[in-house]
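A.B. asks: Output the structure for:
(chains A and B)
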Amino acid sequence: MALQNSLRNPPLSAKIGMAVLLFFIICAVFAPVIAPYGEAESVGKTWIGPSGEFWLGTDNIGRDMLSRIIYGARMTLGVAAACTLLSFLIGVTMGLLAAVAGKTVDQVLSRFIDLMLSIPILVFALMILSMLGSSLLTLIITIGVLDSFRVFRLARSIAVNIVVTEFVEVARLRGEGLWWIMRREVLPNALPPMIAEFGLRFCFNFLFVAGLSFLGLGIQPPFADWGGMVRENGRSIAFGIPAPLWPALAIALTTISVNMIVDWILSINARPSGASAEM
Amino acid sequence: MLRLIITRVFLGCLTLFAVTLLIFVATEILPGDVASAVLGQGATPDTLAAFRIELGLDRPAYVRYLEWLTNAMQGDLGVAMTNKRDVIETLTPRLSNTLFLAGYAAAIAVPLAIILGVVSAINEGKWIDRAANVLTLGAISVPEFFIAYILILVFATNLGWFPSLSTVYADMGFWEKIYVVALPAITLTMLVMAHMLRMTRASVLAIMSQPYIEMAFLKGLPRRRVILRHALPNAAAPIISVVALNLAYLIVGVVVIEVVFVYPGVGQYMVDGVSKRDLPVIQACALVFGGAFVLLNTVADVLAILVNPRLRHPR
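C.D. replies: As a prediction, this is how the structure comes out:
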């Protein structure tokens, strides 16, 4: 009951986090309705300061900054969410497989993942994207696969503890297949502790995509995306115009909100029925 | 203990070898063919074939790999495709620039993070700990260019204390360099320090839940003394690995910062190489970053073995 209670009454920080995130999601979904101007519509001069007409000013080629940020929510949030989903799909499947399928498979998979993690993820992604080009699909698959190596480790370590329990043993003795055990016995028990991790991986991927776009190697124009907008407007800062700060702020707000929600979820998980929050 | 260290170093060398293999596979064997990647969509089959022969792509992959590896070990990283310059000649000054920036940031971040991390652990739950928690969480959550641009706006554009672009030349004096590179170094410091501080605090607190610490408290020792004399020596190993791990992160975090401040380092070289699809440049930079990453991780493990009191005396 304590769990239900804390689920119903999230702390203030988590409420704020959810509100901000919801706001950006609404922006993304209803962008054409909300945005005062079009995504690629040139409406004025370059880098006009904030005014009643253009709330956040205009960008490097005279497009409305606010509208670009609202439209940009689509790509920026969408790509990060797609990467994280893909990464969990691959990572959890491989992690459970390593835990359930026995020593040899586990060794082969684990050593392979160790090897893949021996190169920094940014360097790895740069190499692959330079060879395959940064189309949207390539971007999502590359980041999803690279991130799945990290998900694999967590999924495996959680699943290893589940595999030794009696109910898995019983399922094995019943003669259930590998796939069935993974899906019906291990997965439902492995998922709850991974919810918080999903939020954290989303934050990481979100920042990572934004970083790649900032380097000019992520989401490509004509789509508006926050990282790319920081890049396009970067030079204005030397003239004292805060144009790149708006999309950067949107990125920062999103990650901070998700982190606040994750903190709340972690505090629920770490608190076994009614124990104090200081555990 | 010596055996442990030798094993770890050997494992490090093995990983380094695997990294070279991985770099080669990622850049040359993946479905995206180098020749068509460089020449683009408009290339005719004839030019493609000629370019493949020029690159030596008509030979089997393992021959090319061995050749690349032996050349790289002799300091020959090939010639950049775009400007035909020797890669190693461009890379060396840039590497020293990057190491300068990373070392600068590390020199500020490491002592500060460890001291503040221990202070937070001592004052767990008090305002200083909470403030550190909120600030570091903020620094971790925001993208690196956000911090960088705010620093530029405040300290370069508005106050005019520092230049907004960190252009350095080979004949610049040391202190002048320190001054010009201040803003990127501070940005990096904030990023790395946040991780390091949190992990230092966590590893000190993890030690604090051990029975012998409880014993020390029960003896009536003050909290400060328990932490400094009883917990810290045992927290040294995790703290050292935390530091090395974050230095490895620093090496990569440098890429975005270099681009923001137009700093002539390896990171910017790699990003340039990637946008121009300059294969030898990408491979060389990946080798540098990958090598540094493996090296720091190995050093972390070796140091952790060295400072572990339980491994100091052979059984």
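A.B. asks: For residue A:10, which three-state class applies?
C.D. replies: When classified by DSSP: H, G, I helix; E, B strand; the rest coil, residue A:10 comes out as coil.
A.B. asks: just checking, it touches residue A:264?
C.D. replies: Yes. With contact defined as C-beta atoms under 8 Å, residue A:10 and residue A:264 form a contacting pair (5.3 Å). Any C-beta I mention is one placed from the backbone N, CA and C, and that applies to glycine too.
A.B. asks: Between the two, which has more neighbouring residues?
C.D. replies: Comparing residue A:10 with residue A:264 by neighbour count (other C-beta atoms under 10 Å in any protein chain shown), the higher total belongs to residue A:264, at 22 against 18.
A.B. asks: biggest helix in the chain, by residue count?
C.D. replies: Going with chain A. The longest helix of chain A (DSSP state H) is helix A:65-100.
A.B. asks: Switch to chain B, please.
C.D. replies: For chain B, the longest helix by residue count, based on DSSP H, is helix B:87-122.
A.B. asks: If you average the pLDDT over it, what comes out?
C.D. replies: Averaging pLDDT along helix B:87-122 yields 87.
A.B. asks: Run through the stretch 101-250 of chain B and note the low-pLDDT ranges.
C.D. replies: B:170 (pLDDT under 70).
A.B. asks: Kindly recompute the last result at 90.
C.D. replies: B:101-104, B:106, B:109-110, B:113-217, B:219-250 (pLDDT under 90).
A.B. asks: next one: the stretch 51-200 of chain A
C.D. replies: Within the stretch 51-200 of chain A, the ranges that satisfy pLDDT under 90 run A:51-76, A:99-138, A:150, A:153-154, A:157-200.
A.B. asks: Tell me the residues of it that contact chain B?
C.D. replies: Within reach of chain B by C-beta under 8 Å from any C-beta of the partner chain, the stretch 51-200 of chain A has these residues: A:115-116, A:118-124, A:126-133.
A.B. asks: do that again at 6 Å, thanks
C.D. replies: For the stretch 51-200 of chain A, the residues in contact with chain B (C-beta under 6 Å from any C-beta of the partner chain) are A:115, A:118-120, A:122-123, A:126-128, A:130-132.
A.B. asks: Out of those residues, list just those in strands.
C.D. replies: The strands, defined by DSSP state E, take in nothing from these.
A.B. asks: Okay, and which of the residues you listed map to helices?
C.D. replies: Those of these mapping onto helices are A:115, A:122-123, A:126-128, A:130-132, per DSSP H.
A.B. asks: Can you list the residue ranges for helices in the stretch 101-250 of chain B?
C.D. replies: In chain order, the stretch 101-250 of chain B shows helices spanning B:127-141, B:144-151, B:174-180, B:182-208, B:211-218, B:223-225, B:232-260, with DSSP state H, counting those that start in this stretch as the criterion.
A.B. asks: And the helices in chain A?
C.D. replies: Counting by DSSP H, chain A forms helices over residues A:2-8, A:12-29, A:31-34, A:65-100, A:103-116, A:121-132, A:136-163, A:166-173, A:178-180, A:187-214, A:226-233, A:245-269, given from the N-terminal end onward.
A.B. asks: still on that earlier bit, and the angle from the longest helix of chain A to helix A:136-163?
C.D. replies: Taking axes from the mean of the first three to the mean of the last three C-alpha atoms, to 10 degrees, one finds helix A:65-100 and helix A:136-163 inclined to each other by 40 degrees.
A.B. asks: Next, count neighbours for residue B:306.
C.D. replies: Other residues near residue B:306 come to 15 when the count uses other C-beta under 10 Å.
A.B. asks: And it, how close does it get to residue B:4?
C.D. replies: 10 Å (C-beta to C-beta, to the nearest Å).
A.B. asks: check contacts around the residue nearest to the spatial centre of chain A.
C.D. replies: The geometric centre of chain A, computed from its C-alpha atoms, lies nearest to residue A:202 (C-alpha atoms, centre = their mean), at 1.8 Å. Counting by C-beta atoms under 6 Å, 6 or more residues apart in numbering or on different chains, residue A:202 touches residue A:84.
A.B. asks: Kindly recompute the last result at 8 Å.
C.D. replies: Under the criterion of C-beta atoms under 8 Å, 6 or more residues apart in numbering or on different chains, the contact partners of residue A:202 comprise A:80-81, A:84, A:258.
A.B. asks: Next: residue A:223.
C.D. replies: A:39, A:74-75.
A.B. asks: circling back to that earlier point, helices or strands up against the longest helix of chain A?
C.D. replies: helix A:12-29, helix A:31-34, helix A:103-116, helix A:136-163, helix A:187-214, helix A:226-233, helix A:245-269 (3 or more C-beta pairs under 8 Å, 6 or more residues apart in numbering or on different chains; DSSP states H and E).
A.B. asks: Not counting its own residues, what contacts stretch B:156-163?
C.D. replies: Contacts of stretch B:156-163 (C-beta under 8 Å, 6+ apart): A:237-240, B:155, B:164, B:179-180, B:182-183.
A.B. asks: Pull out the buried members of those residues.
C.D. replies: Among those, those that count as buried by neighbour count (16 or more other C-beta atoms under 10 Å in any protein chain shown) are A:237, B:155, B:164, B:180, B:182-183.
A.B. asks: Switch those over to TSV; also include distance to residue A:163.
C.D. replies: Formatted as TSV, the entries for the buried ones among the contacts of stretch B:156-163 read as follows, by distance: C-beta to C-beta, whole Å:
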residue	distance to residue A:163
A:237	53
B:155	55
B:164	56
B:180	56
B:182	53
B:183	51
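A.B. asks: Looking at those residues, spot the one nearest residue B:18.
C.D. replies: Here the nearest of the buried ones among the contacts of stretch B:156-163 to residue B:18, counting by C-beta to C-beta, is residue B:183; it sits at 36.9 Å.
A.B. asks: wait, doesn't the closest one sit right on residue B:166?
C.D. replies: Yes. Under the criterion of C-beta under 8 Å, residue B:183 makes contact with residue B:166 at 6.8 Å.
A.B. asks: residues bridging contact with those two, i.e. touching both?
C.D. replies: Overlap between the contact sets of residue B:183 and residue B:166, as judged by C-beta under 8 Å, 6+ apart, is given by residue B:261.
A.B. asks: picking up where we left off before, between the helices of chain A, which shows the greatest average number of neighbours?
C.D. replies: Sort the helices of chain A by mean neighbour count, taking mean count of other C-beta atoms under 10 Å in any protein chain shown, and helix A:226-233 sits at the top with a mean of 26.
A.B. asks: which outside residues touch that one?
C.D. replies: Outside helix A:226-233, the residues that touch it by C-beta under 8 Å, 6+ apart are A:47, A:59-60, A:65, A:68-69, A:72-73, A:76, A:209-216, A:218-221, A:243-244, A:246-248, A:250-251, B:143, B:145-146, B:149.
A.B. asks: And the pLDDT for residue 5?
C.D. replies: All of this is about chain A. The per-residue pLDDT of residue A:5 was computed as 62.
A.B. asks: That was the other one, I meant chain B.
C.D. replies: In this prediction, residue B:5 carries a pLDDT score of 84.
A.B. asks: right, and it touches residue B:302 too?
C.D. replies: Yes. Residue B:5 lies in contact with residue B:302 (C-beta under 8 Å); the separation is 5.5 Å.
A.B. asks: which one is the spatially most central residue of chain B nearest to, not counting chain neighbours?
C.D. replies: Ranked by distance to the mean C-alpha position of chain B (C-alpha atoms, centre = their mean), the top residue is residue B:251 at 1.9 Å. Here the nearest residue to residue B:251 in space, its sequence neighbours aside, is residue B:292; by C-beta to C-beta, 6 or more residues apart in numbering or on different chains that works out to 4.8 Å.
A.B. asks: Nice, that's everything, thank you.
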